[in-house]
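Chemist: just need the structure, nothing else, for what follows:
(one chain, ligands or ions: 1)
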Amino acid sequence: MRRPGRPGTLAGMTLTITRLTADDSTSIEQWFHVTEQVRKHEVPHFPPMTPRSVRLMLAHEFPGRRNLWHVALRDGEPVGRVDINLPTEDNLKNLFFSLEVDPRFRRQGIGRQLLDFVRSVAADNARTVLMSHSTLSLPGLPARDEAGSAFGAAMGFSSTLPEVQRRLELASVDEAVLADLLVSAQAKAEGYRLVQWRDDTPDDLIEGMAYLDSRLVTDAPMGDLQVEPELADTARMRRIEQVERDRGRMTWRTGAVHEQTGQLAAFTAITAYDELPWHAWQQITIVDPDHRGHRLGTLVKLENLRLFRAEAPRVEVIDTFNAAENSYMIAINEQLGFRPMCAAQNWQREL
Ligand SMILES: CC(C)(COP(=O)(O)OP(=O)(O)OC[C@H]1O[C@@H](n2cnc3c(N)ncnc32)[C@H](O)[C@@H]1OP(=O)(O)O)[C@@H](O)C(=O)NCCC(=O)NCCS
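Modeler: Next comes the predicted model:
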């Protein structure tokens, strides 16, 4: 580990890597501390997590996903974290990870050691494709620390699927623009009726939801990422809803039903956490390929936004991510008033 002459490089550095559990409040606090240091340095506009939200996430795992979250200590001090996510029902060769080092302790080989740890978990679980992500700057916007890109490239990862993160400031929404968009979308969406619901999906729509949700990987741009479609499974959808409730996540959805067939042709979702009253995420929007060209994407987004604003009036901003190449979805978001904040890069490496 020693590189003579490099200031800050430690000889014989040993990290203690501890896996988090929901009842280990010390490790959760340490993990949270590192996460906050990195968030403030990297993406200070992002919503913070809280020890409570971390505990809930550890206690309630999504079906088909094994989460192995770790904090790394050096001489008892938290210096990094590495969170590993193993899909268990599909994508069995993949391992997703987030790896962060407190900005005060960078360029000392900690990232490299944590990546060795990720590799050992991959070997133990017969995973051969590693995937991660990092932040990038966008021209004309506040510069972001791009250490993650340099690290990813130095560690032999290839960069794939650039994404852009956008934000909608609800106080500055132009109501006249939304009204015009709605009228022109409705004109093209004849033969469809809208359905709206909060949290659990009504029984008559759950099959359609599971089908559309499983299509996301096939339909959304994924660059070169080696991700397989997830299984369409209504029981799994129900388990996901249960976990969302257990984690304190609220979801507002709007869908479009094709009146002739009764099929769910499109849906979108906005989510928020009870303990972060100022913030929400615009999640996926998907339109079935058989029903494209009817402005259903615009329609469900607009109407979901209307429902959400009426029911969650304290929320100030909505954030979202889009693949940079997803020009259709980006055009809709820009029309609604979403503006770029930063970019992100996905990384992949085969072992
Ligand atoms: C990326 C990150 C984890 C690196 O942690 P670190 O402890 O500084 O990494 P290391 O010291 O082990 O660096 C390993 C190599 O990566 C490259 N590297 C890391 N940061 C770099 C930077 N800012 N500029 C140029 N090269 C860099 C270098 O080749 C370095 O080797 P060297 O120091 O011998 O030249 C850290 O910057 C971070 O937490 N960033 C935010 C989260 C993130 O983007 N994670 C990346 C996921 S792929």
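Chemist: just the pLDDT for the one residue in the stretch 251-351 of the chain that gets nearest to the ligand.
Modeler: In the stretch 251-351 of the chain, the residue that lies nearest the ligand is residue 347 (4.8 Å; C-beta to the nearest ligand atom). Every C-beta, even on glycine, is put in place using the N, C-alpha and C of the backbone. The score at residue 347 is 95. That number is its pLDDT.
Chemist: show me the beta-bridge partners of it.
Modeler: Note on residue 347: beta-bridge partners by DSSP bridges are residue 132, residue 159.
Chemist: and if you look at residue 95?
Modeler: With DSSP bridges applied, residue 95 shows beta-bridge pairing to residue 130.
Chemist: quick check, it in contact with residue 125.
Modeler: Yes - at 7.0 Å, residue 95 counts as touching residue 125 under the criterion of C-beta atoms under 8 Å.
Chemist: can I take it that residue 187 is in a helix?
Modeler: Yes - using DSSP: H, G, I helix; E, B strand; the rest coil, the assignment for residue 187 is a helix.
Chemist: neighbours of it, how many?
Modeler: The tally of other residues near residue 187 (other C-beta atoms under 10 Å) stands at 10.
Chemist: sorry, back to before: find residues that contact each of residue 95 and residue 125.
Modeler: residue 86 (C-beta atoms under 8 Å, 6 or more residues apart in numbering).
Chemist: who has more neighbours, these two?
Modeler: Taking neighbours as other C-beta under 10 Å, residue 95 and residue 125 compare with residue 95 leading, 24 against 15.
Chemist: residues contacting the more buried one?
Modeler: 84, 85, 86, 118, 121, 122, 125, 127, 129, 130, 131.
Chemist: pretty sure residue 134 sits in a helix.
Modeler: No - looking at residue 134 with three-state DSSP, it is strand, so not inside a helix.
Chemist: excluding its backbone neighbours, what's nearest it?
Modeler: residue 148 (2.5 Å; C-beta to C-beta, 6 or more residues apart in numbering).
Chemist: shouldn't the one you found be within a helix?
Modeler: Yes - according to three-state DSSP, residue 148 belongs to a helix.
Chemist: restrict the contacts of residue 95 to those near the ligand?
Modeler: Taking C-beta under 6 Å from any ligand atom as the test, the ligand is in contact with none of these.
Chemist: filter these to the buried ones?
Modeler: 84, 85, 86, 118, 121, 122, 127, 129, 130, 131 (16 or more other C-beta atoms under 10 Å).
Chemist: I'd like the distance between the third one and the ligand.
Modeler: According to C-beta to the nearest ligand atom, to the nearest Å, residue 86 stands 17 Å off from the ligand.
Chemist: having no further points to raise, I will conclude here.
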